[in-house]
Structure formats: structure tokens, C-alpha cells
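# how does the following fold in three dimensions:
(2 chains)
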Amino acid sequence: MTWVAWRVQRPQILAALGAVAMLAVWLTATGLVTGHSPAWKYWTDGDVGLLYALPGLLGLALGAPLVAGEAGHRTQRLAWTQSIPRTRWLAFKLLMGGLVAAGLSAALTALLEWWTKVVSIAASTNSGGFSGVRIQPAAFDVTGIVAVGYTLFAFALGTALGGVIRRPGWAFALGIPVFAAGRLLVEDWWRPHLVGPASYASLTGIPSKAVWNGWLLNSGLVPAGRTSPVPGQTWQASPPASYYTCTNHARSMAADAHCAALAHVHYVMQFQPASHYWALQGAETAIFAGIAVLLLGVTVIAVRKWSS
Amino acid sequence: MSTPAAAVETLGLGKRYGHAWALQDCSFRLPPGRIAGLVGPNGAGKSTLLRMLAGISTPSAGEMSVLGWPAGTQSTETLACIGYLDQDRPLYRGFRVSEMLRFGRELNPRWDDTRARRHLDDLAISPRSRIGRLSGGQQAQVALTMCLAKRPELLLLDEPVAALDPLARDDLMHILLQSVVDDGATVLLSSHAVADLATVCDYVIILSASRVQLAGDLDHVLASHRMLLGPAAAAPPVPADGAVVSSVTTGRQTTMIVRAGQLIAGQPAPAQPPAGLPIADPAWEVVEPTLDEIVLAYLRHRPQDLPQRPGRWARGAAPVEAR
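Purely as a prediction, here's the structure:
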């Protein structure tokens, strides 16, 4: 059955391999050229953000046709009337597709580890370019192990949608917004709290080196002695009016600090420090791997119930 | 495994798609070692029935047992015993013929590669050809080869002779007879070509309007039907335990097919057909009908027209427009 799983999925596997190989060539070329001189490091977080779509496209391209592709020429009727139980047939196919998706994603991530290092500029220069700080989403999402989790999620999503709607094209098209929504929800609402964030307080609002090299979640003026806003208030809540009356006349950092002290407020920056990188990577990978397992369960149920 | 009393047995089997029944109240019993013909017009439910027996479609109602196993049994052992040829001849179009055979070899423990290769060699189909480049008839032959190379105990063939030339049809019928003799296989095949069936089948199941109209031994079916030819105005001399299956009036002549006794699906056929169907009316000529004519007679009727018991024949005797 291993050979059958490979042979049936060969077109998609080769196409995915080809696409990943072309991207690898492009990354190597740009890495070698722009990494050569600091003046050529013109990448922004937005440019690197294009790479976010890769795990989704890779996983969906391998997952969507896995079951639904059989429906086109009704080859499932051929496969399911050979001497192999349907669930075993599916297990081999899922294993083959899943391993290829995870393998290609891991290879791509390994290359991106190098690429993000050579094309990044120091965070503290504050030029607006791609800083390559690994805890910040721009680099976090394409390094470490988390992209493998995203790919498995997209792959399982593709197989489940394909199993339910039985049309590979529609499964792929529908999978893109679902994948994007899943990624954004976890990144914006869940990842910041996966590990308790750190706080840095100062009277002037100038970030420390740890903040520069971390992922800033929130910042604002909060009452002295607190590291977060008063319950019921947001980070944007205004300090007492006396603070602004005072800072309007302040002409130095020391004067600003004095104003803050008088108003009994201080700047607090809540952030994920660089040291939380692997804890966050592990937790988020586990989340997406878990969702993938649930979706694979949906695929198995859909295929078992498939009456053609 | 021990030989079950029936290769295929169904009771009240039905399949519904949305609100429409593709097959309803289907009950019949196919003894092992037979070659059974499943006949009926398009949309009668032939393919639906075969798909359910093959285990790729789930029944909406009723029960069935295939080679003694209940419906939907998914194990290597049960699946290996059933050979199924789909009406669409599904094959992986990107595969070469040799890869298609490897597919069969990998997935079937009883796969007979020599038989498959010899069969394709006889048909001059090269193992290096791409499936998608083969003609429709050649694809049908490859699909059939895949089915036969499994060496199944039960062959479920949906329109196996469609897309085959007359010579290939003849060859196929020989192969089927051979596998029944060699492997003790049971064959259930559907076809439009009733004439082909009559030469090879020894059991017949007539499906029409999603229901089984008749199921029985071919000999019994032939012996218990008569064709009557007579004047349009005269009352037909139908035997007391018989029924009119169809009646067609063209001009002054009425042609009708009558049935002796009950040959209703699910009920055992009479051990002996009524001797000669005594019809002693000089106005009527009595002829032994061919299977073709009997099948046509059943297909002419919508189910509510079909005489279910003696006495309702009068309604069936109403003139039916000839085509």
C-alpha cells in the first residue's frame, strides 16, 4: 500500500517539491546577495510576511486532493473494492501526505533560519526594516518548529474539507480563509498569553534592550506600583490631567520623569522576552498539531460514511 | 470459508437519494455458482443495487448478506472475495497499465498476475500504455482484467459488455463461464443486451421502476410465461392462477404475455411449471416467448399496473399504446 499511496499522490508531491525547490533557489540567491552588504538589506516585515502563506498553501495543496481527488474519476470505487479496508487505505494515504508536507515544511524552515539571519538588520537601529528578532511574529512564524505545525494543520484541514465536500478545488479555496483565520486567531489572541509575559517599567517611556529584543504586546502609562492598567481600564487610558500640564513645560527627559513621578504614574511595557521563544514555539506547535489531529478524525469519519 | 446457502440475499433492500428512491423493497436470493442477469431500463436501480452489494454504497433500508457476510463488512478477507466492475470503469488515468496491475497486486492477496498479463497480452494492450490514452473499450478491458485477476468468489459486473465489440463480448462470456467452472464463482451482471444474457445466464432478475419485478431460474421463467396472439375484441383466456403481464393491441390483434402462478420476487419459483398452461381457445395462438419478450413485457409496466394477484388482470388487459 505504501507504493500505492506514493503513486496516487505523486503528481501533487512532485508539484509541491518543485515549488519548494524554486523557492529555495530564490531564498538562497536573495540571501547571498542582500546578506553581502548591510546597504542591501531592504526587507521589511511585510515582505517577509509573504512567507506566512507558504505552510498553508503547501499543506492545502497536498491535503485537499488526498481524498477529494479520488472523486473526480470516481477512483474511490476502484480503491474501496480491492482487498484493503477503507480505513487502512486512508491511514496509508494520510501518513504519506502528512510526512511529505511536514518534511518539506521542515526543510523550508531550516533554510529560512539562515535567510532571516542574513537579511535582518539590528533591531536597535529602528529603521523600519526587517529586524529578524525571533520572538517577534515576522520572524517567529517562519523559524523554529512552528511552521511544521501550521503545515500539518493546513494539510489536515485540506483532507477534512476534501472529505466532506469531495471537490479538491473547492476544498483548497475554502481552506485558505479558514487557515488564515485560524492562524490570526491564535497569533493575536492566544500566543501572547501562552507563556506569562514580562514587564518593564520606566518613568521616561524609553524601552530597555530586552524590550527591543522582545515582542512588545502592550505599553502605556499606568499608576505607579502597577504593571498593568487598573481593572476596567485599557492600556490607552489617560493619566491624570496634571501629568500633561506638567510635561507641556518639560524640556528634558529628567523633567518628563519628574512629571511622571509627581502624577504617580509610570510607563509599563508588557512584552514577551527573547528567552520565551522555545516555550512559545513548543506551545503553539502543539496547538496546531492538536487541531490537525481533530481534523484528521473528521477526515476518517467522512471517508467511512462516504457512500458513493 | 464454508459455502453459504445463498451467494447474495437481500430483504427489503432500498436506497434513497434525497426524497427519491433509486431502489425500493428489493428482495431476492441468488444461489451460489450461478450466472445471474440483472435487467431493467435506465434508472431502474441496477447500478445502485450492485454498488450496495459491493460495499461502496450504504443501503437506506433493508438487509443484505453477501457470501454469508452482513452488509458493509470491511475486512481483507471479505473484500478479497468480491470482484466489482463499476459502470464508469474508474481507473487512475495517469497510471501506466503495468502500474495499474501493480496497484492490484499490492492491494489483493489472491491477485493472479499471470492471468491479468496474459489477458491483456491477448488483447494487445501494452503494459507501457497510459490508461488515459487507451480507448474506451480498452479501458473497459483493463477494468475487467483488474476485476477478474482478484479471483473473487462473487463477481458483480455493471454493464460488463457495454463498450465491448461483439468478439470481446463473446470472449467475456466465455471467461465468465470458465471462472464459474474453475473457481466456483457466482456472477451477477447487469446488461441492456438481453440477448447476450440468454446465452450465458441461468438466473434472471428483472428490475423496473426501482423494484424487483421478477427473480428466478431462467428455465422456470421461460416455462411459466406464454405469449398469446388473438383478436383485439376477444376476452383473453388467462388461467385462473395466472396473470397478464403485458398486453399490446395493434390494429385488430392483441399480443399479450401471461404468467402462470406466482413468480414474484422473494418467493420460491414453482418446482414444476404448470404443464403447458392449458389454454383451449381456438381464437388464440399460444407461443413460447423468448427471454427478450418476457423482459420487455415486464419493462412495459409501471409497478401499479403489474398484476400482483389473479383477478387484477382485467386492468392489465386494457389496450396499451404500442410504440
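# where do the strands of chain A begin and end?
With strands called from DSSP state E, chain A shows them at A:198-202, A:215-223, A:265-272.
# tell me which of these sits most buried.
Burial of the strands of chain A is given as mean neighbour count (mean count of other CB atoms under 10 Å in any protein chain shown); strand A:265-272 ranks first at a mean of 22. Bear in mind the C-beta positions are built from the backbone N, C-alpha and C, glycine included.
# can you get me a residue count around residue B:73?
16 (other CB atoms under 10 Å in any protein chain shown).
# how about the residues of chain A near chain B?
A:1, A:3-4, A:7-8, A:11, A:73-87, A:305, A:307-308 (CB under 8 Å from any CB of the partner chain).
# let's see it at 7 Å
A:1, A:3-4, A:7-8, A:11, A:73-75, A:77-78, A:80-86, A:307-308 (CB under 7 Å from any CB of the partner chain).
# may I see the ChimeraX selection of the buried members of the residues you listed?
Of those, the buried ones can be selected in ChimeraX as follows, counting by 16 or more other CB atoms under 10 Å in any protein chain shown:
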select /A:1,4,7,8,73,74,75,77,78,80,81,82,83,84,85,86
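# filter the residues of chain A next to chain B down to the ones in helices?
Counting by DSSP state H, the part of the residues of chain A next to chain B found in helices is A:3-4, A:7-8, A:11, A:77-78, A:86.
# how about those, which pair is most distant?
Within these, two members stand farthest from each other by CB to CB: A:11 and A:86, at 22.5 Å.
# OK, contacts around the residue nearest to residue A:214 when sequence neighbours are not counted?
Nearest residue to residue A:214, sequence neighbours excluded (CB to CB, 6 or more residues apart in numbering or on different chains): residue A:271, at 4.1 Å. Residues in contact with residue A:271, defined by CB atoms under 7 Å, 6 or more residues apart in numbering or on different chains, are A:197-198, A:200, A:211, A:214-217.
# want to throw these into TSV with distance to residue B:82?
Formatted as TSV, the contacts of residue A:271 follow (distance: CB to CB, whole Å):
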residue	distance to residue B:82
A:197	61
A:198	65
A:200	71
A:211	69
A:214	64
A:215	59
A:216	65
A:217	61
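# quick one: which of those residues is nearest residue B:116?
Among these, residue A:215 lies closest to residue B:116 (CB to CB), at 61.8 Å.
# check the gap between that closest one and chain B for me.
Distance, residue A:215 to chain B, using CB to the nearest CB, to the nearest Å: 47 Å.
# and residue A:172, what pLDDT?
Note on residue A:172: pLDDT of 96.
# tell me the contacts of the closest residue to it other than its chain neighbours?
With CB to CB, 6+ apart as the criterion, residue A:172 has its nearest non-adjacent residue at 4.1 Å, and that residue is residue A:64. Contacts of residue A:64 were listed using CB under 7 Å, 6+ apart, and they are A:158, A:161-162, A:168, A:171-172, A:175.
# need the phi and psi values for residue B:188.
Per-residue torsions, residue B:188: phi -130, psi 110 (degrees, to the nearest 10).
# report the beta-bridge partners for it.
residue B:36, residue B:156 (DSSP bridges).
# residues contacting it?
Neighbours of residue B:188 in contact, by CB under 7 Å, 6+ apart: B:8, B:30, B:36, B:38, B:156.
# any idea how far it lies from residue A:8?
29 Å (CB to CB, to the nearest Å).
# where does the prediction get shaky in the chain?
Just going to use chain A. By pLDDT under 70, the low-scoring segments of chain A are A:35-36, A:38-41, A:122-128.
# wait, chain B was what I had in mind.
In chain B (pLDDT under 70), the answer is B:1-4, B:71-72, B:233-242, B:261-281, B:301-323.
# pull the contacting residues for the residue nearest the centre of it.
Note on chain B: the residue nearest the mean C-alpha position is residue B:38, at 1.0 Å, using CA atoms, centre = their mean. Contacts of residue B:38 were listed using CB under 7 Å, 6+ apart, and they are B:46, B:188-190, B:205, B:207.
# do the same with residue A:179
A:56, A:60, A:154, A:157.
# wait, which of those residues is closest to chain B?
Of all the contacts of residue A:179, chain B sits closest to residue A:60, with 20.8 Å by CB to the nearest CB.
# residues contacting the closest one?
Counting by CB under 7 Å, 6+ apart, residue A:60 has contacts A:154, A:157-158, A:172, A:175-176, A:179.
# what of residue B:62?
B:10-14, B:26.
# where do the helices sit along chain B?
If you assign secondary structure with DSSP H, the helices in chain B sit at B:46-54, B:76-80, B:97-107, B:113-122, B:136-149, B:166-183, B:194-200, B:218-223, B:291-299, B:313-316.
# okay if I get the ones you listed as a markdown table plus distance to chain A?
Listed next are the helices of chain B as a markdown table, based on distance: least, CB to the nearest CB, whole Å:
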| stretch | distance to chain A |
| --- | --- |
| helix B:46-54 | 5 |
| helix B:76-80 | 4 |
| helix B:97-107 | 4 |
| helix B:113-122 | 13 |
| helix B:136-149 | 7 |
| helix B:166-183 | 16 |
| helix B:194-200 | 23 |
| helix B:218-223 | 27 |
| helix B:291-299 | 27 |
| helix B:313-316 | 37 |
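# columns distance to residue B:260 and mean neighbour count on top of these, output as TSV?
Conversion of the helices of chain B to TSV gives the following (distance: least, CB to CB, whole Å; neighbours: other CB atoms under 10 Å in any protein chain shown):
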stretch	distance to residue B:260	mean neighbour count
helix B:46-54	27	25
helix B:76-80	40	18
helix B:97-107	47	20
helix B:113-122	43	15
helix B:136-149	38	21
helix B:166-183	30	15
helix B:194-200	20	18
helix B:218-223	8	18
helix B:291-299	12	20
helix B:313-316	12	16
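# which stretch among these comes nearest residue B:248?
Across the helices of chain B, closest to residue B:248 is helix B:291-299 (CB to CB), at 8.8 Å.
# count of neighbours near residue B:35?
The burial count for residue B:35: 22, using other CB under 10 Å.
# swap in residue B:40?
Applying other CB under 10 Å, we find 24 residues neighbouring residue B:40.
# right, and it touches residue B:207 too?
Yes. Counting by CB atoms under 7 Å, residue B:40 does reach residue B:207; the two are 3.5 Å apart.
# could you name every residue contacting both of those two?
Joint contacts of residue B:40 and residue B:207 (CB under 7 Å, 6+ apart) are residue B:46.
# just the helices in the stretch 151-300 of chain A please.
A:168-185, A:191-194, A:209-212, A:241-247, A:253-262, A:277-305 (DSSP state H, counting those that start in this stretch).
# what's the last one packed up against?
Spelled out, that is helix A:277-305. helix A:86-119, helix A:146-165, helix A:191-194 (3 or more CB pairs under 7 Å, 6 or more residues apart in numbering or on different chains; DSSP states H and E).
# with adjacent residues omitted, what lies nearest to residue B:186?
The shortest distance from residue B:186 to any non-neighbouring residue, by CB to CB, 6+ apart, is to residue B:7 (3.8 Å).
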